[in-house]
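Enquirer: below is the sequence, then the predicted model.
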Amino acid sequence: MTTQRKVIPVALAGRSYDVVIEPGCVLDRFAKHARDYLPKGRKVPFVADRATHRLFSEAVGRSLASVGKEAEWFVVEPGEGAKSWAVLEELCDWLLALGITRSDHVFALGGGVVGDLTGFAAAILKRGCGFVQIPTTLLAQVDSSVGGKTAINTGAGKNLIGAFHQPSHVLIDPLVLDTLPEREMRAGFAEVLKYGLLGDAAFFDWLEANGEAVLAREPEALTHAIATSVATKARIVAEDERETSGARALLNLGHTFGHALEAETDFSDRLLHGEAVALGMVLAARYSARRGELSHDEAERAARVIAASGLPSEIAALGMDCTGETLVDHMRHDKKMEGSGTLPFLLLRDIGAAYMARDVELADVAAFLDEQLQAH
């Protein structure tokens, strides 16, 4: 393993793009890497949240100045509240006032919220303009910045209004993670673990042995974890861009349980998305063992690795005042709910062998969740 530049292609017919992973590509050499996407004759449009703008706007501005360019910033408040109709309208009006054309690119500098919001605005502005993802959290680097899923939230639920709109380019600078709070780093690591659990047992073994080094942001381990995760997602997205064949659905491992937990905690900081996914993967593993499809030992191994990473592994520890049926009610609003009234579940036959189960009875899931809520 080295920390040298890695380029991972996302191969899509007519819309292929590269994911560049390189220490310093944003903090030191942004203009060099972004030169093909900079507008001519106007300022460079950036979307960032307030914290990311404070941390990185100076470095980006300095790099742009070296090539005679200047940034124009649209700054949102941190958190899921930015993914709203009101902020989307404000952003679109701002971009139109700048004179953005369909051949221009908007730069999303931040975590998944900023990427989702910017990507959706780019998808609908003049029926589609370009955008570049510059993810600044581990969660966004290994997951949301790659694959073209964009969305906002509404009163009906999270990410229910959106579009598939692929970025033109993704720039991942592992050095930006030096400023990431420890809790956010661990939440992102949950998505890294997901790639091992869903389809790469050897990678899960490596993470079990090297997770501490990744979380400590040791350069070689961190770069390897990011690159392996991105390569896995790129392969799955290329195979099933719009989740029609079932391959891409594997990326939702832990999310059905996790989204229900997020909904019950009001999508608040009480449970970050990555933490919900981590606990969701534990529940998926244990439910798989309950169905006799995964050994009890392997289910508890997954739980141990997740717990050792500082992520939640016991639903009872959340102290939620709810029942299994309450959580299942949240699942009934999941966007994956099918017309037949059934909800597909991502379960495990082994570590590294996820599959889609379409025969799950929600009443059984409720009973299982009641057991977990009272356990430990």
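Expert: Received it, and whenever you're ready, just let me know what you need.

Enquirer: quick check: residue 119 touching residue 152?
Expert: No: contact between residue 119 and residue 152 fails when scored by C-beta atoms under 8 Å: they sit 10.2 Å apart. To be clear about C-beta, it is placed using only N, CA and C from the backbone, and glycine gets the same treatment.

Enquirer: avg pLDDT for stretch 121-131?
Expert: For stretch 121-131, the mean per-residue pLDDT is 97.

Enquirer: end-to-end on it?
Expert: Terminal residues of stretch 121-131 lie 9 Å apart, using C-alpha to C-alpha, to the nearest Å.

Enquirer: this protein: helices as residue ranges?
Expert: 30-34, 50-65, 85-98, 112-124, 138-139, 182-199, 201-215, 219-239, 255-264, 273-290, 296-308, 324-331, 362-374 (DSSP state H).

Enquirer: so who does the residue lying closest to residue 184 once chain neighbours are set aside touch?
Expert: Distance criterion C-beta to C-beta, 6 or more residues apart in numbering; nearest residue to residue 184, sequence neighbours excluded, is residue 137 at 5.8 Å. Each residue near residue 137 by C-beta atoms under 8 Å, 6 or more residues apart in numbering is listed here: 110-112, 177, 180, 184, 188.

Enquirer: again, only using 7 Å
Expert: Applying C-beta atoms under 7 Å, 6 or more residues apart in numbering to residue 137 gives the contacts 111, 180, 184, 188.

Enquirer: so how many other residues sit close to residue 257?
Expert: Neighbourhood size, residue 257 [other C-beta atoms under 10 Å]: 29.

Enquirer: wait, what's in contact with it?
Expert: Contacts of residue 257 by C-beta under 7 Å, 6+ apart are 280, 283-284.

Enquirer: try it again with 6 Å
Expert: Listed by C-beta atoms under 6 Å, 6 or more residues apart in numbering, the contact partners of residue 257 are 280, 283.

Enquirer: report pLDDT for it.
Expert: pLDDT for residue 257: 97.

Enquirer: please name the nearest non-neighbouring residue to residue 165.
Expert: residue 123 (3.5 Å).

Enquirer: distance of the one you found relative to residue 158?
Expert: The spacing between residue 123 and residue 158, counted by C-beta to C-beta, to the nearest Å, is 18 Å.

Enquirer: try residue 60
Expert: Relative to residue 158, and taking C-beta to C-beta, residue 60 is found at 29 Å.

Enquirer: need the buried ones from the contacts of residue 137 selected in PyMOL.
Expert: Restricted to buried positions by 16 or more other C-beta atoms under 10 Å, the PyMOL selection for these reads:
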select buried, resi 111+180+184+188
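
Enquirer: which of the contacts of residue 137 lies closest to residue 318?
Expert: Taking C-beta to C-beta as the measure, residue 318 sits nearest to residue 184 out of those, at 18.6 Å.

Enquirer: just to revisit the earlier point, pick the most buried one from the helices of the chain.
Expert: Mean neighbour count (mean count of other C-beta atoms under 10 Å) peaks for helix 138-139 among the helices of the chain, with a mean of 28.

Enquirer: please name every helix or strand in contact with it.
Expert: helix 182-199 (3 or more C-beta pairs under 6 Å, 6 or more residues apart in numbering; DSSP states H and E).

Enquirer: hmm, who's touching the helix it packs on?
Expert: With contacts defined as C-beta under 6 Å, 6+ apart, helix 182-199 is touched by 137-139, 142-143, 203-204, 207, 215, 225, 229, 232, 250, 253, 272, 274-275, 277-278, 309-311, 352, 354.

Enquirer: for this protein, give me the ranges with low pLDDT.
Expert: Within the chain, the ranges that satisfy pLDDT under 70 run 1-3, 335-341, 376.

Enquirer: measure residue 105 to residue 91 for me?
Expert: 15 Å.

Enquirer: nearest spatial neighbour of residue 67, chain-adjacent residues omitted?
Expert: residue 31 (4.6 Å).

Enquirer: distance of that neighbour relative to residue 70?
Expert: Counting by C-beta to C-beta, the gap from residue 31 to residue 70 is 11 Å.

Enquirer: cool, residue 228 as well?
Expert: For residue 228, the distance to residue 70 - C-beta to C-beta - is 37 Å.

Enquirer: swap in residue 298?
Expert: Between residue 298 and residue 70 the distance is 54 Å, computed by C-beta to C-beta.

Enquirer: with residue 128 instead?
Expert: Using C-beta to C-beta, one obtains 26 Å as the distance from residue 128 to residue 70.

Enquirer: what of residue 219?
Expert: Applying C-beta to C-beta to residue 219 and residue 70 gives a distance of 32 Å.

Enquirer: kindly report the same for residue 355.
Expert: 51 Å.
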